[in-house]
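Trainee: Below is the sequence, then the predicted model.
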Amino acid sequence: MANTFLPGSVIGILGGGSDAFSLVLQLKSLGYQVAVFSEISDSPAIVMADFRFTGKITDRNKLDTFAIICDVIILENKFVNPFAAQYLSEHYYLPQGFNLLSLSQDNYLNSLFLDDLNLNTVPNATAVSYDDLVMQTESLGFPIILKPIQKIPRKNYFVLNNQNDLQQMKQLMEKFSFFVEAKIDIQSEFAITVFKSQANDLEINILPIVQTYYNRQFELQATLTNCQSVSDRDLIEMRRIAKQIAQKEAFIGAISIQFYKAKNGMLYVKNVQEGLTKFGNIYRILIGKTQEELYLKASLGFSLPTIKIQNHGVNLYFRQSNLDDIYLQMQIKPDWDFYFYPNKWKNPIDNAGYVSIENNSLSSIYEEVLNTDIWNLPEELFKN
């Protein structure tokens, strides 16, 4: 059985951003004390914590000082510092462990992990030099997508459609290596989240599959609860894959698996990642429970609740540059729920939050969304 941590315990969180902020709020409402370690002294989670630790997050002495007062330590999300996470996992109780985090942060390791499970992935390779890139282009053909090997937030992807695009990468390839992926003709994308409260396969909660929509800049624009556009066969296969991965890995907490459905009918596994996700916020609509609530129950050793679908709807994400329009919608859309990230919004392209819209008729939602002139989304996403 996993260790169970009751209210009054000190829960440590590594990381201080908006995800950590949400976890702190949830923990304090349940009667826990919270310690936060963040390199940013005024990060959203730090100001809410009972015990605050700042400084260089790779400093072992500071990590020890932080960890000693914690009964258990959890990770904010997949972007936490890998050195700090590994050090804490080796010396203190970190339910999530480190293995899944390492592959969540590395496109190449992620691909190897999926290949070891004989899962269908988009053809890919790595390129450490321009000559490598030329060779991989000849093998994969155009178009291709170049992704940083390390999954760093805000890092650009590059789409190469022809030889001219390839030649423009020559100077950049002198400084960086890339994960190279064939660009397939995608019909739709899906995600499924799995929670496990013990480091074995005795209690695995596979949440309902949701649909995700990304723009051409690979930014998440919408998450939908309706999956009418995918066959029952593919739904069964995605759940099978999710269970296979969850049973293979000894972890406590949450993992999410994302999928591509190609227009040629093929189903591909896109990636596996650990912890909280942006698309996971849709579960507030779908099952009436937040991902933070389930994540903490699993991480703190409690049994997970029975999951039942309660409603359908959509989450739409907005930037700082949309805020004036969003504030107007708050005044005229009383049935919409607005959530704002606790960041400083210094950059117009920064994510500022999301709106949740509940309605069993996605076509009705589409009409409302279309009239706002905020989001540019394809109508086929909203077909029931």
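Mentor: Right, received. Where do you want to start? Computed from a predicted structure; not experimentally measured.
Trainee: okay, CA-based contacts and neighbour counts for the rest of this
Mentor: Noted.
Trainee: As a check, name the ranges of all helices in the stretch 201-350 of the chain.
Mentor: Counting by DSSP state H, counting those that start in this stretch, the stretch 201-350 of the chain has helices at residues 232-248, 283-286, 291-299, 323-332.
Trainee: For Ile73, find the nearest of those.
Mentor: Nearest to Ile73 among the helices of the stretch 201-350 of the chain is helix 291-299 (9.0 Å), distances taken as C-alpha to C-alpha.
Trainee: who touches that closest one?
Mentor: For helix 291-299, the external contacting residues (C-alpha atoms under 8 Å, 6 or more residues apart in numbering) are 22-23, 26-27, 74, 95-96, 195-198, 252-254, 275-276, 280-281, 283-284, 303-304.
Trainee: Can you tell me which of those residues are buried?
Mentor: By neighbour count, with 16 or more other C-alpha atoms under 10 Å, the contacts of helix 291-299 hold 22-23, 26-27, 74, 95-96, 195-198, 252-254, 275-276, 280-281, 283-284, 304 as buried.
Trainee: Show me the domain layout of this protein.
Mentor: Following automatic domain parsing, the chain resolves into domains at 10-94, 123-182, 186-382.
Trainee: which regions of the stretch 251-384 of the chain sit below the pLDDT cut-off?
Mentor: The stretch 251-384 of the chain contains residues with pLDDT under 70 at 343-349, 384.
Trainee: repeat that for 50
Mentor: For the stretch 251-384 of the chain, no stretch has pLDDT under 50.
Trainee: which residues of the stretch 101-250 of the chain fall in strands?
Mentor: 124-127, 144-148, 158-160, 178-182, 186-196, 204-206, 210-214, 220-224 (DSSP state E, counting those that start in this stretch).
Trainee: Any idea which residue is closest to the centre of this protein?
Mentor: Note on the chain: the residue nearest the mean C-alpha position is Thr277, at 2.8 Å, using C-alpha atoms, centre = their mean.
Trainee: so what's that one up against?
Mentor: Contact partners of Thr277, counting by C-alpha under 8 Å, 6+ apart, are 77, 256.
Trainee: what residues are up against Leu286?
Mentor: By C-alpha under 8 Å, 6+ apart, Leu286 lies in contact with 225, 309-313.
Trainee: Just the closest of the residues you listed to Glu174, please.
Mentor: Distance to Glu174 across the contacts of Leu286 (C-alpha to C-alpha) is lowest for Thr225, with 43.3 Å.
Trainee: Is it correct that the closest one is in contact with Gln310?
Mentor: No - counting by C-alpha atoms under 8 Å, Thr225 stays clear of Gln310, with 10.7 Å between them.
Trainee: Which one of the two is surrounded by more residues?
Mentor: Between Thr225 and Gln310, Thr225 has the larger neighbour count (other C-alpha atoms under 10 Å), namely 25 against 12.
Trainee: Please name the nearest non-neighbouring residue to the more buried one.
Mentor: Closest residue to Thr225 apart from its sequence neighbours, by C-alpha to C-alpha, 6 or more residues apart in numbering: Val210 at 4.9 Å.
Trainee: what comes up buried for stretch 324-339?
Mentor: 326, 329, 338.
Trainee: With distance to Glu367 and mean pLDDT added, can I get the strands of the stretch 101-250 of the chain in CSV?
Mentor: Output for these, formatted as CSV (distance: least, C-alpha to C-alpha, whole Å; pLDDT from 0 to 100):
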stretch, distance to Glu367, mean pLDDT
strand 124-127, 39, 93
strand 144-148, 33, 92
strand 158-160, 32, 93
strand 178-182, 35, 93
strand 186-196, 21, 94
strand 204-206, 32, 89
strand 210-214, 18, 94
strand 220-224, 15, 93
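Trainee: Just send the ones you listed back as JSON lines, with distance to Ser104 too.
Mentor: Below are those laid out as JSON lines (distance: least, C-alpha to C-alpha, whole Å):
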{"stretch": "strand 124-127", "distance to Ser104": "17"}
{"stretch": "strand 144-148", "distance to Ser104": "13"}
{"stretch": "strand 158-160", "distance to Ser104": "20"}
{"stretch": "strand 178-182", "distance to Ser104": "14"}
{"stretch": "strand 186-196", "distance to Ser104": "14"}
{"stretch": "strand 204-206", "distance to Ser104": "19"}
{"stretch": "strand 210-214", "distance to Ser104": "18"}
{"stretch": "strand 220-224", "distance to Ser104": "17"}
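Trainee: Return the residues in contact with the nearest residue to Phe5 once chain neighbours are set aside.
Mentor: With sequence-adjacent residues excluded and distances taken as C-alpha to C-alpha, 6+ apart, Phe5 is closest to Leu300, at 5.3 Å. Residues in contact with Leu300, defined by C-alpha under 8 Å, 6+ apart, are 3-6, 72, 197.
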